[in-house]
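Undergrad: Show me how the following folds:
(chains A and B)
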Amino acid sequence: MITLKDFSAGYYGRRTVSIEDLSFPDGSITCILGENGSGKSTLLKSLVGIIPYLGSARADGKEISSMSSRARAQVIGFMPQNLMASDMLVCTLMEHGRFSRLGLSKVLGQKDREAVERALSLTGMEELAERKVRTLSGGERQRAYLAMVMAQDPQTLLLDEPMASMDIGHQLLILDILKALKKDGHSLVITSHDLPQAFTIADQICLIREGSLLAAAAPQTLLQEPDLLRSCMGAGLVPLDVPGAVYPYTIIK
Amino acid sequence: MKGWYAAGGLLLLLAIFFSLMLGSRDVTSGRLFAALINGPGAPDQTARIILMNVRLPRTLGAVLCGMGLACAGLLLQSALNNVLAAPGIIGINAGAGLAVLAASIAFPGFVFARSAAAFAGSLLAAGLVCLIANKAGISKTSLILAGVAVSSLMNGFINGIITWRPELVSDKTAFSLGGLSLVSLSALKFSIPFFAGGILIALIISGGIDLFALGDEAAAGIGLNVMACRNLAVFAATILAGAAVSLCGLLSFVGLIIPNLIRLLPAEHFRSRLVLCMLYGSSFLVFCDIIARTLFYPYELPAGLLLSVLGSPFFIWILIRRRRRLSV
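TA: Purely as a prediction, here's the structure:
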């Protein structure tokens, strides 16, 4: 579990995000919602050492900033929003996900290979394993990087808009994977702009506006506060009673 | 892949063999081996003197410098994610050039002082670049910009010194062109630990360098200490290039051409590319040196001049190749 207390992070001496008290429990999905520039990505980046933070951020009781990069990566995984198109093969990308668990020789053991194969299989990337990442579409590249983070096998996965470029079919595939990860006891923290999707999958919704945490509550609780949601996202949400709907919510002005 | 390693090794052996044999006085292979095997007591002292005082230092210098410059270029291109990165980009060339001019003034005629100064100057310049880049947040862009700034500053000082002491122009030109004619066994002994150290550091961080291709954020996410790894890569490139500059002056394009050619081979990991750069970089420079000293015999071209002629078409080829990759 990750817990934040009197936490703040930002760029060039300016605090982009400030949070007094927040936690991401194990076996749960937290969706962080907010407008562009509200501090969602800054929060995730500060938890993996890309940006320094002030205050306290603990993973299983240990201060994150005191961990080495490798130790932190074994506990927290991160999929950024901007994904590089490199010349490496997809299968090689998966293998890099095991970096924090390998010795100096960087030779993969049996357990590492199994983690890579499981990640490839779960994300439906086996057929693309021998392709170069550069040749993948945007959605395929997101799946590849998600598979890399899954091969990393951290307790908490921080995913910055993991389905932004995916078609609906692959979104449903990824949603199933996220639910399976949650069922396995992992903690998932996802930033998103997709209100219906977030309210469908999340156990906890965090609303961030201008770097401040407005609310952190269950989706059903926030549905009772339409003005709060509207002030943060510029739109409200109402339940949609349509049998078989994947996202049983619709956006209203 | 094994075929490429074997070919590289064979090419290097051939290069060394021809370099030892060919010159203003050809030494047959028989005399060569006899001089090598018999040691100081060899009956053919002429062959031994030519071999030990001229050909062997020059050949070993080309091997080490070619290897060092190619590996330095590979380190920088990988760490900065930029196929046009080369040792000159982090101020090494300018720093070495300034230090050599200063040594020419302070210790005129003392060749070893110039070599030592070149090495120290390149380290100081690269150190200054890293210091500035660290203040700005050590990213790929800040390193390149800091390198441009430091190089400009040092080139300004160089031009100032030349204006003040015009008689140093020939020293500056000779150093800028680069060549292997002045390499000695003592200079080689001084530089070998630095070549070894640079390669060792590169091998240790090779796993981390592979991750730079993912971007800094994804690399940090899977456990790489991006700043430390990049700093170490630049440090390793600096001592490799600095050691090479101290032996052979400012040989351009080796650090640019060889890593880009190696990138065409089916070697995905940095470690494989590093070994290939060592093999092909060293044989490339040895062959260039052979051509430079035999093409217009009895006149000897500086190896750097030949490399400049080869480098320009290579730049054009990179540009055309990049455009072809982007076009439909």
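Undergrad: Confirm for me that residue B:276 is in contact with residue B:8.
TA: Yes: the criterion here is Cβ atoms under 8 Å, and residue B:276 meets it with residue B:8 at 6.1 Å. Yep, even glycine has a C-beta here, placed from its N, CA and C like the rest.
Undergrad: ok, which residues in the stretch 51-200 of chain A are in contact with chain B?
TA: A:68-70, A:72-74, A:77-80, A:82-84, A:86-89, A:92-93, A:96-97, A:99-100, A:102, A:104, A:106, A:145, A:148-149, A:152, A:158 (Cβ under 8 Å from any Cβ of the partner chain).
Undergrad: give me the low-pLDDT residue ranges for the stretch 1-150 of chain B?
TA: B:24-29, B:36, B:39-44, B:111, B:137-139 (pLDDT under 70).
Undergrad: For it, give the residue positioned nearest to chain A.
TA: residue B:81 (8.1 Å; Cβ to the nearest Cβ).
Undergrad: residue ranges of the strands in the stretch 51-200 of chain A, please?
TA: A:53-59, A:62-63, A:76-79, A:156-160, A:187-192 (DSSP state E, counting those that start in this stretch).
Undergrad: helices or strands next to the longest one in the packing?
TA: Contact partners of strand A:53-59 among helices and strands, from 3 or more Cβ pairs under 8 Å, 6 or more residues apart in numbering or on different chains; DSSP states H and E: strand A:2-11, helix A:40-47.
Undergrad: Please work out which of those is packed deepest.
TA: Among the helices and strands packed on strand A:53-59, the stretch with the highest mean neighbour count (mean count of other Cβ atoms under 10 Å in any protein chain shown) is helix A:40-47, at a mean of 26.
Undergrad: Show me how far it is from its chain's centre.
TA: Helix A:40-47 sits 10 Å away from the centroid of its parent chain (Cα atoms, centre = their mean, to the nearest Å).
Undergrad: can you state the direction angle for that helix and strand A:187-192?
TA: Using axes from the mean of the first three to the mean of the last three Cα atoms, to 10 degrees, the direction of helix A:40-47 lies 150 degrees away from that of strand A:187-192.
Undergrad: I'd like to check what contacts helix A:40-47. Which residues are they?
TA: A:2, A:9-11, A:16-17, A:19, A:32-34, A:51-53, A:57, A:64, A:76, A:78, A:80-81, A:158, A:160, A:189, A:191, A:208, A:211, B:217 (Cβ atoms under 8 Å, 6 or more residues apart in numbering or on different chains).
Undergrad: Next, the angle strand A:156-160 makes with that helix.
TA: Computed by the same axes, to 10 degrees, the angle separating helix A:40-47 from strand A:156-160 equals 140 degrees.
Undergrad: Spatially nearest residue to residue B:89, not counting backbone neighbours?
TA: Once flanking residues are discounted, residue B:89 sits nearest to residue B:147: 4.7 Å by Cβ to Cβ, 6 or more residues apart in numbering or on different chains.
Undergrad: Surely that neighbour and residue B:90 touch.
TA: Yes: assessed by Cβ under 8 Å, residue B:147 is found in contact with residue B:90 at 4.4 Å.
Undergrad: So for the two, which sits in the more crowded spot?
TA: Comparing residue B:147 with residue B:90 by other Cβ atoms under 10 Å in any protein chain shown, the one with more neighbours is residue B:90, at 33 against 29.
Undergrad: quick one: the more buried one and residue B:72, what's the gap?
TA: 9 Å (Cβ to Cβ, to the nearest Å).
Undergrad: got any residues that touch both of these two?
TA: B:237, B:238.
Undergrad: Now for residue B:299, how many residues are close by?
TA: For residue B:299, the count of nearby residues is 7 (other Cβ under 10 Å).
Undergrad: Which residues of chain B lie near chain A?
TA: By the rule Cβ under 8 Å from any Cβ, the part of chain B lying against chain A is B:204, B:206-208, B:210-211, B:213-218, B:220-225, B:268-269.
Undergrad: Please type out the PyMOL selection for whichever of these turn out to be buried.
TA: Burial among the residues of chain B next to chain A is assessed by 16 or more other Cβ atoms under 10 Å in any protein chain shown; the matching PyMOL selection reads:
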select buried, chain B and resi 206+207+208+210+211+213+214+215+216+217+218+220+221+222+223+224+225+268+269
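Undergrad: Can you flag which of the residues of chain B next to chain A belong to helices?
TA: B:204, B:206, B:207, B:208, B:210, B:216, B:217, B:218, B:220, B:221 (DSSP state H).
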